Every structure is written in C-alpha cells, then in structure tokens.
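Trainee: 3D model of this:
(chains A, B and C)
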Amino acid sequence: MNSTVKAKYSPASFLGAFLKKISKANKTYGVEWWIMIAGIVIVLFMLFTAFFPQVLAPYLPGDQDAGTQLEAPSMQHLFGTDNLNRDIFSRVIYGSRTILGVAFAAAFLSSIIGIPLGLISGYAGGVFDRILSLVMDSIYSFPGLILAIAFAAMLGPGVVNITLAVSVIYIPTYFRLVRGQVLTLKEELYVEAARSIGAGDSAILFKYIFPNVIATVAIVFSLNIADAIMTEAALSYIGLGLPAGIPDWGMDISIGKSFLPSGVWWMITFPGLAIILLALGFTMLGEGLAEILNPRLLEK
Amino acid sequence: MKRILILMLLVFISIAVLFTGCKKKAPEKVTLVYGTTEKVTDMDTASAYDFHTWEIFQNIYQGLLAYKPGTTELVPGLAESYTVNAAGDEYTFKLREGLKFTDGTPFNAKAVKWSIDRVMALEGDPSWLVTDFVKSVEVVDEYTVKFILPNAIAYFPALVATVPYFPLNPNVYPEDKIVRDPSEMTGGQLVGLGAFKVSSFKRDEEVVLDANPDYYGEKPKVDRIIIRYFADATTMRLALESGEIDLAYKTLNPSDIKDLSAKSTFTTNKLQGPYIRYICYETSESIFKDKLLREAMSALVDRQDFIDKVYLGQNAPLYSMVPMGMIYHTDDFKSVYGDANVAKAEELLTKAGYSASNPLTFTMWYTPSHYGDTEVHLAEVLKEQFEKTPMVKVDLKSAEWAAYKDKWKSKEMPMYLLGWYPDYIDPDNYTAAFAGTSGSKGMGINFSDPEWDALFTQEQTNPDPKVRQQVFEKLQKMWTVDVPTTPLYQGNLYVFTNKNVSGVKIGPTLIFNYNQLDITE
Amino acid sequence: MKGLLRYAITRILMTIPMLFILLTIVFLVLRVMPGDPVSAMLGAHAPERVIEEKKEELGLNKPILVQYVNYLGQLARFDLGNSMVLKQRVSAPIKEKLPATIELTFWGMVFTLLIGVPLGAYAANKRRTGRDFGIRLYGNIAYCIPVYWMGLMLQLIFGVYLKWLPVAGRTSPRMLSSQFSKTGFYLFDTLLAGNMRAFNDVAIHLLLPSLTLGIVLSGIFVRLTRANMLDVLKSDYVLAARARGVSEKLVVYKHGLKNAFIPILTMLGLQFAILLAGAVLTETTFSWPGMGRLLMERIYLRDYPTVQGVIVVFALMVSVISLMVDLLYAAIDPRVKY
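Mentor: Down below sits the predicted model:
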C-alpha cells in the first residue's frame, strides 16, 4: 500500500482522502481520468435504462404486437423485430435491468462473504487460514464458468439461482485480495501501535485494517461486476440462465443463433453489443480507479 | 519463440488458403447421401428406443407385419398371414418359408422365439412393449409361431410391427448382452432380412447401407445409401445447399425450413408426422383439479398464432389427442372451444370464482432444451395468450429434462408442456397413456376416472373396428369436457431433397422405407 | 537443479488437495441436483421396479458418503469408472473429445499471442500517443466481447455472407475423420497420414473457432504486454542499450520484448483457466465436439461419473499448465530460488 493511505486509519478520514484524491486526479492522470469518466458515463447511462426503461423503450419487452415478424432495423424498430414480433430495441433496454441486477447482486454477495473471510483468515493465520486458503485457491484456479455451469445446473433457472451460481465463483477473488492485504497490513507500525495500547482483535481488524482495504475492494468490485455480467450472459447463452418471460441478452443471442443462416443478423448483434458496452463501462471505471488509487494492483 | 509462432501461423494460413474444393469423383454405384442431425443409439432391438435407430432397423430387418409405405395400413411382412383365437389372446403367425439371413442362417419360428425371449430377458428401455403384452412365445412348427398374451389386445398387430418384435439372426447377436456397435457381433456384420444391409458403421460419422441382394420384397432403386451425421442443423443446411448431401431430414430449424422451402432448387416434402404437443395439467392436487379451469385454458389457446410465431407456420393445429391421419381422429376441440375464445374462457373462469380483480394465478412449466431452442418461445407465446384475459396471471418456470421428470412425479407442476411420439401406431397409445389411471400417473397428470378406464379396457380388448371407433369417438368428446390435457399441434416433417431425388414416403408411422427412394443423374 | 527438482515434486503434490477439493464440491453439487441418471435415461413408462433395480445396480441407493468414498477409492486407482447413462467407460468419450479441446485451445493461444503481444509492445513503445490509446481501447473492448458472440459474428461474416469458411464441426461432412484419425489431433494426424486434402479441410475448420478465441483473449495480453514492456523499458538494462546507441526499434522489440517475455509467460499460465472457459463456449457455438459439449450433454443426462471425470481432466489441465509455467520460469530465471 502506498504511504498516504497508511497514515489515515479512521473510516471517515479515509473516505475524505479517497474523494479528495479522485477529485484532484484529472490533473495528475490525463488519460486514466478520462477512461474513468467514460466508464462512469456508460455505467450511469445503463443504470438509467435499468431503472427507467419505459423512458427510452417504445414498447414493452414482451409485446408480441410491436411489429411484424423478423423486420430488419428501421426507424420504426431501431434494432428490428424478432420472430415473436417483439421490438428488439425495447428488449435490449429492459434487458439491462435483468443483467445489472444479477451482476450487482452476485458481486455484492461474493464480496460480503469473501471480504470477512479474507479478513479473519488473514488476521488469524494458522491451520484455519491454511485450509481456507487452499479451498479458495482451488476454486480460484479452476475455470470459473465451468464451475458456474455446474452450480447453475444444480440450482435450476431463476433470478436468485443464477445470482447464487455466479456469486460462488467470485468469493475467492475477494478472499485472496483481502487476505493478501491483511497479511501486509497487520505487520504495519500503526497496527502494532494499536495493539500495544490494548486494542482488541476485532477493533484492530475493523477499525484499523478494514478501512485500508476498501480502496482495492472498490476497484475489484467494479471489475468484478464486468466479469459477472459476462458470466451471467454466458450462462443464459448456454441455456442455464433465466426462465422465459424475462428479457435477457444472453438468451436472446442463443435464440437468434438459429436464425443466423437466414441472414437475420439483428437478433444477435444488438444484445451482444449491449453486453460489450456494459462490461466495458465497468472495466473502464475499475481500471481508471485502479490507475489513480493503486497503480500496481492490476499488474500483479 | 516469436519467430516460431509466426512460422506456425504462416503454415497454418497458407495451407488454409491453398484449400481448393475438390469434389470426389462420381462413384459407379447409384448412391444417395442422406444427412441428419439424429444419432444412432444401440444397434440392438432390445435396447434402441429412438426413431432414427428404429428407422435403420426397419430397413435392414423386417417385422412379421409391416406397414405399406407412407400409410398406417398393416401388410404381411415376414409372416404371410396370422390368425387370432376367439378370446383374442393368442395370435398365430405363419412365416414366409425359405428365407435365409445373409450369412446362411435359416429364418424360422425358432429365430422369432429366440429374438422375443431375448428382448424380454435383457430388459432394455423398449422391452415393456413386449413384456407388458406378451406372456410367452411358442414354436408350433418350423414356420409357425404362436404369441400367448395375458389378455385380449385389440392392437397387437400394430405392436408386432414395432422394432422390439423384429426377428434377429441368433447366430450373430449375443444372447445375454446388449450390442452397441455392429463390430461387437459375431462376424462383425449386421445382416438381416430387410432391403438393405449395413456395410460400414462409423458412429456419429456415417453409416453405409448397401442393397441386400437376398431381399425377398421390392428391390431398392438405389444401390447405396450413405447416412451422414451432423452435429448441428446449420451445417446440415449448408451441406444441402452446397450439394454435399442429396437429402436432409431431421431436424432443421424453422428458419432453415422457411428459407429452403422458398428455393426452387430443392424438393420440399412436407409430411404429416405422428408427433404431437399438448399441455398437461396435474389434475389431482394442483389448482387445475378444477376442470373448469382446464376448460378455460383450452378456450384461450390460439394455435395458429404460436405456429406462425414460434414455428414460422410449419406445424399443424391439433384439436384432438389422436393425431390427424390416424384412424378414428375427430376435431372436437375445434367445435367446442375453437381458438382464442376469450369470451368463453372468461365465462368459465367467472363460474370458477375468478375475476379481473381476483385473477387465476399459476405457474406454467416448460423444459428448455429437450424440445429444441424454440420451446422458450412457445412458453412465452402461450403465456401471452392466457393473459389475453385479465382474469389470468401466468408465471413461467423451467427445468432441465431430468429435473422436469422428477417434478411431474412429485406433482410440483400444475401446468407443463410435453410432447409425444407414439410407441405403436394406434389411437390407444395417444389416449390411454394420458387419461388411463396408470398411464396418467406416469405422466404426472394423475387423472383417474372409472368410466374412462372402462372405455379404455373396451377398446383395448375388443378387436371389432366398429366398436373401437365408437369408443374412441366417445373418448375424444369426453376429452373436451374433462380435459386431462389440451392438444396444441401436430408436427410436420420436412424432408428436403435435390430435384433428382424421388420416392420420399414417410407416413404417420414415421417409417422411412429407403427402398422407395430413387435418384436420377 | 536439485532445488528445482524438489520444487517440482512439491508443486505436483500440491495439486492433489486442489483436485480433491474441486472433486468434493462437484460431487456434492451433482448429488444435490434434482433428477438422477436413471429417471433421465428411462422413458416415462419405466415401472418403479425397473427404476429401483437400476438405481441399485448403479449404487445410487447407497448413502452419499459411501458413494463418495467408493469414488475416491476408484480414482486413487486411476480409474474414472463407468458412465451411468451409456454403456461405456468414462475414459472413452474423454479420450475422444480431449484432443479436440486441446487442439482448439492451443491454436486459440497461438492467435492470442500473435495478436496480443505485438500490439501490446507497440503500444508501450508509443506510450501516451493516440495509437497507444487506440490499442488500449482495443484491448479493453476485446476483453469485454462475449466469446460466443464473437464466434457468431465471424460465422455470419465468413460463413453466411462471404461463404469462405465452414461454420461448424472439425471436418466437412464428406471428410471422415476415421480415415486418418490416430491421436485425435487432426492437424497432426492428417500430416502424419500425408493426406493434404484432409489437412486443408481440418485447418479451415479450425480457423474460425481458434481465431475467435484468439481475438477475445488478446485483450488481456495487450494489457499485460504493455505493462511489462513499460517496466522493462524503464530498466537500467534498456537505458544502457539506448546509451550505447542501439537503435530504438531494436531496443524495444528485441531487448525489451525478450525481457518482458518471462512475465508474459507466467500470465499465460494464469490465463489458461480463462482460455479453457472460453473454449467451452466456443465449442457450443461452433458445434466443436470437445470436452465442453461433453460436459453440458452429460450434465443434462445427470451422468455423474462422466461429469466428474471431465472436471478432473479440466482441473488436471489447469494444474499441469501452471506447473509447467512455474518450472519453466524457475529454469529460465536464475534469480528465482526455491
């Protein structure tokens, strides 16, 4: 960790420094700053479509009288229509709600499980730490999607189920990150000092160590959402995602696939572009944050 | 390292570019290449239970009885004739004399008994088609064989025409083991009594069938049929378009069928298949134990609408569980409910105590891959149709096939979508399996009514066609009142061939007689 | 060298608990999953008696713990067991599908490096220019492209519109793999058989899927190469070369890249898991008869032993690659001591 963060250890002062640093960053970091801003703009736009889809979408996502069958994109239907006469533009807009919801919930769930485990494991050390690390490392080193496929097949389709399946594979990401930081931080002088004046373990953990982990967590959280978006879409694409009736980009691509030889390009192209844009938004946000807060993180 | 990588890429690309589409020289034999996305399962009548493998068996072996190509009319096969005793529980078949399997083994009553006993003993998937209906088989003399049934079975001749009843060559098949590949057999060759013989077998790649010179019946018009297996419909469609295959059958995507039908370079053979789709209700415990609701759902369904949207117009609306083209079929659901009859549905729902402010809410289940990618869309369109009235709210849920089966057994699904291929060609197989007490339980419908069961027993045991007709017409009327299931559509089959191919005859039996096929240069 | 050997042995032993943990997870997940192989396989007509008999025969009626211990015992004898759905050994389909996946992954990797490394090095050289920014943007976008979507787009362009390349499978329908297949690595097999027509056919079928993987994964490598190159370019060694008057191009692409290569190689090991996941999705898009499709098929059929077998093989592949990279790293870099 760099020295400025080390000195501050109360959550409030940390947050202040965090915001101050970000607000000053555009002078120090040219391109990175703009990458982050672009990411924020994309993310905000997508959040807007997720919360207020009716503002942009001319039709309801399930409306089977929106147009005629398999219309190519036109002014009437910007992204064309599918074989159920539905407006693909509206489906893409409404679909952002589904995928963002799942990705946020999954990332949140894995962080609130992964972070405390990492904190405790790293701080406590010993056999407990070693066993937990081994389990987490095993999951981490294995292709996440393949594990998610197994979990999704076990749980069956559904919003909650797919969220669980996605979140499982990201717990080790948070665990490893936090544990690694705790291992360094607990040797720091100010932690030693706190211990010498008689601070208890939980006080040290949550008052002195945890606040210093937040910055990295914020970065990883943003990148993790991008990953979770890709995983959700992939599970939906192979048919392990959500049940019918919920607009879902991955599922729409998989259905559009059979129309591909007929030259119906619009059923797959637009939901795919939406996935790229959304994932890109969170990646750029995360990378911009990383460059500003902790330049070495992503290269490790 | 970088240099090696670049070198590898260069080699790779240059070779790819070098590729020139050299075509095989024309073979001397009259050959027809048949493409499919199906898979061959076990090359054994005791274990195979899918239409593609059965189709191959129907061309390399023969049943005691067979179907006239393209119809549901039973004609003599390996048996010249048969007689039934007065009680209807003993069938005696007189076999054709002097036939030999290609390796010289004579075909006789012993071979028939041996084959049937083997299917019963091995207890493979389709063995119930024999064990449920046959008590024992007796060899009367060299060319006479007698089937003793536990009770009278009116449609037994239709059963005898199914693959598990086919006589095998006892010198080739092992008695106590199911065979998967022909290579596991004595002599490594699959030779039967049918119009073709297997001359090469490469699983998931190709099966080569050559005309059997010893075949007693109508000689095939082509010398060789090569069945090629495709992993997906898109590749098969492109192979047909590029002329790599002469015939494509099972299963192209609706969009491919639409495009290919529009092209004048191919012949489109559209056939009425025996495949039906329908809605099931759990009728003993779920919300749908009230038959008014099942009636209301039947009124709301709009068949042409989902056929147009989901299947691009390629299947036929079905108004009875007995499909069109099958004996005794009637259209009762059409006259009683019609399609998208919202007024009638609202009347029924009101009677059942529901209203717009107190809507009927239930979960409809579907299974996403077992019936193809289109199933999601079928569920979505049905939901939309049910919700045409504000008195209905539908939730959609799905489960993979294995879980789906568990769920219907545990009565978890109030409404669910299923499909049916017949096991044997008789209306009984389309009705008793869903509304007879034991069949219905197996499908998760749990419909049970003594009056219905009595009618099923009557049609099952009385061989008189007039009586059976009356019973089936009555049953189809009752179906619209008690609605154990709601019929949706009957699948059409599409066989696309090059212009020079003729003789594609596939009837409601789904039997594809390759000896009818012809190809001109 | 002795240290290296000891390290290698420790590393190999360390993969055992990892395998064990993954297997335990997958074993439990499969048993909790609704549906079982018997009901998935038998028709709706199968009487309860037959179902019970089959379950008994497959050992599914035993307590899960017993099943688990039995399975581990079997594995310890290097036996993956029999499929519960088809009459075959678990090893049979794996032997058949694994080469397809390895071939796809290998060429995917080659394309990844061919696209990612030069672009990354170039961007590092042109640091903080428009071109650098453009390449970094490419890297970010490529990383966010769903691999199956990329595959579909390439199919649409090269298969449907231009009709240049086949869109699915490993060979043309008229090209029978049984005529040349020995190892299952078709590119190698066709060369071995001297069948150039088959080799061409195999190569053009391999092109789109491996290119798809290559493009999508090149994103990560652009970033990694760029970052590592920047470090190297700042090093004393490069500064010295510059001071000696070595031309800038030579400094960057020869001295720079050579030194950045070791960290890139390490990353390759770490990214292998992502590559495998990508391969699974590519297989579904291109109907590639590999391990990914086998896994999906058998999950649906609830074929427990085969699914477990596939997971074991995937885990082994990941461990072997990371082991190889580690050892290579240790062998190349004299500073690393174990």
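
Trainee: how far is stretch B:162-170 from where the chain is centred?
Mentor: Averaging C-alpha positions (Cα atoms, centre = their mean, to the nearest Å) puts stretch B:162-170 19 Å from its chain's average.

Trainee: is that stretch in proximity to chain C?
Mentor: No. Against chain C, stretch B:162-170 shows no contacts by Cβ under 8 Å from any Cβ of the partner chain, the least distance being 12.6 Å. In this view, the C-beta of every residue, glycine as well, is placed from N, C-alpha and C.

Trainee: okay, how far is it across that stretch, tip to tip?
Mentor: End-to-end distance for stretch B:162-170, by Cα to Cα, to the nearest Å: 19 Å.

Trainee: now do it, average pLDDT.
Mentor: Average pLDDT, stretch B:162-170: 93.

Trainee: which stretches in the chain count as helices?
Mentor: Answering for chain A, as no chain was given. A:3-7, A:11-28, A:30-51, A:53-56, A:88-124, A:126-141, A:144-155, A:159-185, A:189-196, A:201-203, A:210-237, A:249-256, A:266-293 (DSSP state H).

Trainee: oops, I was thinking of chain C
Mentor: C:2-32, C:37-41, C:48-58, C:64-76, C:91-125, C:130-144, C:147-154, C:186-193, C:196-234, C:236-243, C:248-250, C:257-285, C:291-300, C:304-332.

Trainee: most neighbours per residue, which of those?
Mentor: Mean neighbour count (mean count of other Cβ atoms under 10 Å in any protein chain shown) peaks for helix C:147-154 among those, with a mean of 25.

Trainee: which one of the helices of chain C lies closest to residue A:264?
Mentor: Closest approach to residue A:264 among these is made by helix C:147-154 (11.4 Å; Cβ to Cβ).

Trainee: quick one: contacts of that closest one?
Mentor: A:234, A:237, A:253, A:257, A:260, A:268-269, A:272, A:275-276, C:208-209, C:211-213, C:215-216, C:278, C:281-282, C:284-286 (Cβ atoms under 8 Å, 6 or more residues apart in numbering or on different chains).

Trainee: ok, and of those, which contact chain B?
Mentor: Near chain B, by the rule Cβ under 8 Å from any Cβ, you find A:257, A:260 out of these.

Trainee: mind listing the strands for the stretch 301-450 of chain B?
Mentor: Secondary structure of the stretch 301-450 of chain B by DSSP state E, counting those that start in this stretch: the strands cover B:316-317, B:360-366, B:392-398, B:415-420.

Trainee: who are the packing partners of the second one?
Mentor: Okay, so that is strand B:360-366. Packing contacts for strand B:360-366, counted by 3 or more Cβ pairs under 8 Å, 6 or more residues apart in numbering or on different chains; DSSP states H and E, involve helix B:375-386, strand B:392-398, strand B:415-420.

Trainee: follow-up on the earlier one: so which of the helices of chain A is the most surrounded?
Mentor: helix A:249-256 (a mean of 26).

Trainee: before we move on, back to that, need the helices and strands packed on strand B:360-366 in CSV (columns: mean neighbour count, mean pLDDT and distance to residue B:347).
Mentor: Converted to CSV, the helices and strands packed on strand B:360-366 look like this (neighbours: other Cβ atoms under 10 Å in any protein chain shown; pLDDT from 0 to 100; distance: least, Cβ to Cβ, whole Å):
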stretch, mean neighbour count, mean pLDDT, distance to residue B:347
helix B:375-386, 23, 95, 16
strand B:392-398, 19, 94, 13
strand B:415-420, 21, 95, 20
